[in-house]
Each structure stands twice: as structure tokens, then as C-alpha cells.
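J.: Sequence first, predicted coordinates after that:
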Amino acid sequence: MKLLVSVLLTLSFCLVACTKKSDELVIGEFGSLTGNEATFGQSTNKGIRMAFDELNSAGGIKGKKLKLITYDNQGKQDESAAVVKRLITQDKALAIIGEVASSRSLAAAPIAQQYKVPMISPSSTNPKVTKVGDYIFRICFIDTFQGYVMAKFMIDTLKLKKVAILRDVSDYSMGLADNFAKEVKAMGGEVIVDVSYGTSDIDFKAQLTQIKSKNPEAIFVPGYYTQVAQITYQGRQLGIKAPFLGGDGWDNSELEANSKKAVNGSYYSNHYSTESTDVKVQDFIQKFKAKFNETPDAMAALGYDAAKFLAAAMERTTEVTPENIRSELAKTKDFAGVTGLISMDSNRDAVKAAVVVQVEGDQRKLISTVAPRQ
């Protein structure tokens with residue numbers, strides 16, 4: 001009798017557990033919740049969580065709730081690969097969202113490709129990311145376009161042609177710098193000096209002194225906000241008057257304060273602007289402020305879009321499997337996201353517009369919107 005009761009209890013527990021599991025669709029996320037660019041991962045996570053809360057409140061996907069499992073990669077490449085493998089092999093994630101930094105996406109993408117689980121980067125712009133394989137996607141523009149946007153803005157809008165480049169050695173910075181330089185030359189401009197720094201450097205005076213000696217009309221710094229703040233501050237201390245230009249890695253609320261206001265007046269390309277009059281954008285901003293008591297940056301908006309983009313593909317599947325999700329993601333055209341209309345091209349890269357913003361204290365003034373190249 002005791003044995004029978006034990007068996008019945010075990011079966012009952014299994015039935016409840018299995019039913020609960022079958023009612024959930026597990027999605028993995030990995031990002032830098034700690035480390036040098038922790039705010040990138042934190043903002044992205046907030047956007048994803050808000051999207052999942054909305055989706056689950058509306059009934060989930062095909063009547064099943066979404067379960068988000070998030071791991072902190074501590075801003076490290078090797079940890080990115082490790083947590084993605086864990087998400088797939090232990091947590092049985094159907095799809096994965098991440099990472100922000102291209103170098104960390106490149107470390108994790110081969111794992112997702114090996115196990116044939118779709119991975120969507122919200123904001124890794126290096127072209128190499130999606131070339132890893134057909135299970136790797138992104139919903140942001142890529143550096144070939146971002147480089148074009150800033151080169152065109154510098155030459156056509158600012159009417160400047162002689163530029164210095166100060167890049168770091170990350171995949172993101174190197175790729176964006178190369179594409180920017182290529183576009184500048186194609187538009188009749190000139191890169192008069194191109195120097196680099198390490199990803200952990202804090203003193204940039206040697207590079208900035210070299211740049212100042214060449215008297216550039218502008219300085220392009222395709223780095224992350226943590227070091228960009230110090231670069232602009234040290235540059236102004238050395239008496240550099242030329243405007244600083246950058247990419248989406250600048251987008252962070254701490255940029256202006258950490259630069260001691262030296263970054264004010266500078267320009268960078270970005271994925272969306274809080275000054276947009278689009279109803280979808282303003283609705284997102286209001287909901288985000290109500291939930292987190294802060295204004296969402298581009299990483300938050302991209303995290304939100306990545307989650308909604310994935311959910312829409314999952315909803316279209318006949319059966320929610322990694323293979324079917326991958327197929328539907330690849331077919332996506334004109335998905336209406338907060339960061340604009342998103343369509344997948346043959347390389348699983350997003351075809352979408354970019355904006356150029358100017359730093360004005362804690363505000364980001366919308367200067368222009370650049371449509372995708374045809």
C-alpha cells in the first residue's frame with residue numbers, strides 16, 4: 001500500500017510539473033548585467049521584460065506563457081558562450097535574445113548555430129555576426145549602413161571633409177571605423193589620421209595629442225560610452241575644438257555627466273529618438289517610464305522590439321519549434337517596431353532607418369533620419 005501511494009504521489013507530481021512545463025515557452029537572454037558596459041545589458045533586459053509582461057498579460061503565444069531566463073555574461077566573451085550553451089542544453093530555450101556587443105554575440109553565435117536554436121541580437125552591428133550561420137539574426141542596422149550615415153552627415157550636413165578616427169580594438173569599433181573610413185573616401189573626404197586604443201584604457205592623451213597635431217575638422221570615435229566620455233573630456237582639456245562624432249555605442253544616459261559636459265554638442269547615429277512624434281514611440285516611452293521610472297534609451301527600445309519581433313514569429317508557426325521559429329523570423333517584412341519598420345534581408349540583417357542625434361545635456365536632439373539604402 002505504501003508503495004502504491006508513493007507511486008501515485010510521484011505520478012501526480014510529474015503530471016503537475018509536466019503540465020506546467022508544457023504551458024510555458026522558454027526564451028533565453030544573455031547580456032552584460034554587470035561589467036564595463038552594464039547599463040547596455042540592464043536597459044536591454046528592461047525592454048525585453050516589459051515586452052514579455054505585455055505579451056503574457058495578453059494571453060502569451062498560442063495560449064502558452066513566455067518564460068524568460070536571463071543570464072549575466074559579466075561583459076565577457078567566454079562567459080557569453082558558456083551561458084548560451086547552458087540556456088540551450090539545460091534550460092531548453094526555444095530561442096535566445098542577445099547580445100548588445102558584437103564581440104560577445106560573435107562568441108555566442110557559433111553555439112546557437114551548432115544546436116540550431118535561433119539567436120536574435122538586439123543591437124550588435126558588426127556585419128560578421130549574422131554570417132556565423134542561418135540561425136543568427138539581428139533587428140538593428142549594420143555598420144556598413146551606420147558608417148554611411150555618419151560619413152554622409154559629416155560631409156553633407158556639417159560640410160566637413162578632413163576627419164580623424166580614434167577607434168578601440170573591439171569588433172564593433174573596428175568594423176564601424178572601417179566602414180566609416182570607406183564611405184568618407186568615397187564621398188570625397190579624407191581620413192588624415194587613424195589611431196587606436198585598448199578596451200580597458202583610461203588615458204587617451206597620447207592619441208589625442210597626435211590627432212590634435214593633424215588639425216582635423218572632426219573626430220570620429222566609434223566606441224562605447226564608458227571610454228567616449230573620457231575621450232571627449234580629455235580632448236577638450238587638450239584644447240581640441242573639432243566636433244566629436246560617433247555611433248550607437250555612445251547611447252547612454254551617463255555619457256554627458258561622465259564627460260563633465262565635454263560631449264555636449266557632439267553627434268552620433270542611433271536606432272531611435274525620444275523626440276519622435278510617432279505614436280508607437282511615445283506610447284512605449286510612457287509605458288517604460290511608468291514601469292521603471294526612467295526614459296528608455298535605444299538599448300531598451302531594441303530589447304523591446306527584439307522580444308516582440310520574436311513573439312510575432314512564434315505566433316505565426318504551426319508548431320513552436322526552433323526550426324519553425326527560424327523559418328518565420330527569416331520571412332519577416334515590415335514589422336512595426338518602436339525603432340522603425342524592420343524587414344529581414346537574405347543575410348538575416350534588418351533593413352531599417354537610422355537617426356542622427358546631438359547631445360544636449362541629458363537630452364538627445366533629433367537632427368535627421370536616414371532611410372535605408374536601396
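T.: Arrived safely.
J.: quick one, strands of the stretch 51-200 of the chain?
T.: Along the stretch 51-200 of the chain, the stretches classed as strands by DSSP state E, counting those that start in this stretch are 65-72, 95-97, 119-121, 136-138, 162-168, 190-197.
J.: how about the ones you listed in a markdown table, adding distance to residue 295 and mean pLDDT?
T.: Backbone N, C-alpha and C define where each C-beta goes, glycine included. Output for the strands of the stretch 51-200 of the chain, formatted as a markdown table (distance: least, CB to CB, whole Å; pLDDT from 0 to 100):
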| stretch | distance to residue 295 | mean pLDDT |
| --- | --- | --- |
| strand 65-72 | 22 | 98 |
| strand 95-97 | 22 | 98 |
| strand 119-121 | 23 | 98 |
| strand 136-138 | 24 | 98 |
| strand 162-168 | 27 | 98 |
| strand 190-197 | 30 | 98 |
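J.: Looking at those, which is nearest to residue 324?
T.: strand 95-97 (10.6 Å; CB to CB).
J.: Neighbouring strands of the closest one in the sheet, and parallel or not?
T.: strand 24-31 (parallel), strand 119-121 (parallel) (DSSP bridges).
J.: Roughly how far does residue 298 sit from residue 47?
T.: Distance, residue 298 to residue 47, using CB to CB, to the nearest Å: 10 Å.
J.: pretty sure residue 320 contacts residue 311?
T.: No - in this structure, residue 320 is not within contact of residue 311 by CB atoms under 8 Å, at 10.6 Å.
J.: deepest of the strands paired with strand 95-97, which one?
T.: strand 119-121 (a mean of 29; mean count of other CB atoms under 10 Å).
J.: which other residues reach that one?
T.: Here strand 119-121 makes contact (CB atoms under 8 Å, 6 or more residues apart in numbering) with 84, 95-100, 105, 108-109, 112-113, 129, 135-140, 306, 309-310, 329.
J.: just the buried members of those?
T.: For the contacts of strand 119-121, a neighbour count by 16 or more other CB atoms under 10 Å gives the buried set as 84, 95-100, 105, 108-109, 112-113, 129, 135-140, 306, 309-310, 329.
J.: end-to-end on stretch 347-367?
T.: 30 Å (CA to CA, to the nearest Å).
J.: Looking at it now, give me its mean pLDDT.
T.: On average, the pLDDT along stretch 347-367 is 95.
J.: Then stretch 292-308?
T.: 97.
J.: Any regions of the stretch 151-300 of the chain where pLDDT drops low?
T.: Across the stretch 151-300 of the chain, nothing is flagged by pLDDT under 70.
J.: residues shared between the contacts of residue 320 and residue 311?
T.: With CB under 8 Å, 6+ apart, residue 320 and residue 311 have common neighbours residue 61.
J.: how close does residue 364 sit to residue 273?
T.: Counting by CB to CB - residue 364 and residue 273 are separated by 6 Å.
J.: Give the residues shared as contacts by the two.
T.: With CB under 8 Å, 6+ apart as the test, residue 364 and residue 273 both reach residue 357.
J.: Between the two, which has more neighbouring residues?
T.: residue 364 (25 against 21; other CB atoms under 10 Å).
J.: Alright, that wraps it up for me.
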